[in-house]
Every structure is written in C-alpha cells, then in structure tokens.
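>>> below is the structure, and that's it, no one-letter string:
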C-alpha cells in the first residue's frame, strides 16, 4: 500500500461519523503498537467491559446460540 492510498483514506475518514473515526483510530494505534514492538494497553472502557464480562461469566450469564448468530449476522459483510 502506498502513502497516497493511506492519505486518501485518512482524508475520507474525516467525513465519517465519530464512532467510525474512533474505530479507525483504535485499529491504527493497535497496529502501530505491534509494529513498534510494544504491547497493547487496553483503555479504561475496555477494561471495564472485560470486568463486566468476567462478572457475567461467573454468574453464568451467557448468550444463547441464537443471540450470537443474530449479532454475527448483523455485522457480516454482504
């Protein structure tokens, strides 16, 4: 991939909704950390989500197969 392609994508991303821009930034930071040899450091929000998931697991609260499939279907590329 060339620098021009990256610059074009970044320029287009400036018009994206905030949520999409935040997702792109998070992915880019993760790639940057791996390229630089550093480890990934979860954000406070991510750590809080992990904690919620661990509590739910301890309580035996898991998604059903139907619920999982519904989420996957929602996010699949068409």
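Structure received. Bear in mind that the values here come from a model prediction, so they are computed numbers and not experimental data.

>>> other residues contacting the helix or strand containing residue 54?
Per DSSP states H and E: residue 54 is located in helix 44-58. Identification of contacts with helix 44-58 by CB atoms under 8 Å, 6 or more residues apart in numbering yields 42, 62. (C-beta placed from N, C-alpha, C; glycine too.)

>>> please begin residue numbering at 804 from this point
Yes, from this point I'll number from 804; that puts the last item at helix 847-861.

>>> starting at the chain centroid, how far to that helix?
15 Å (CA atoms, centre = their mean, to the nearest Å).

>>> after that helix, next one along is what?
Counting by DSSP H and E, what follows helix 847-861 is helix 868-878.

>>> run the chain-centre distance for that following helix.
With CA atoms, centre = their mean, you get 17 Å for helix 868-878.

>>> output the contacting helices and strands for that helix.
Counting contacts by 3 or more CB pairs under 8 Å, 6 or more residues apart in numbering; DSSP states H and E, helix 868-878 is packed against no other helix or strand.

>>> list the contacts of that helix.
residue 866.

>>> where does the protein have its least confident helix or strand?
Every helix and strand of the chain was ranked by mean pLDDT, DSSP states H and E. The lowest is helix 821-838, at a mean of 90.

>>> what's the separation between the residue nearest the centre of the chain and residue 857?
Nearest to the mean C-alpha position of the chain, counting by CA atoms, centre = their mean, stands residue 826 at 5.8 Å. Residue 826 sits 24 Å away from residue 857, going by CB to CB, to the nearest Å.

>>> quick revisit: ok, residues contacting the least confident helix or strand of the chain?
Here helix 821-838 has contacts from 816, 817, 819, 842, 843, 844, using CB under 8 Å, 6+ apart.
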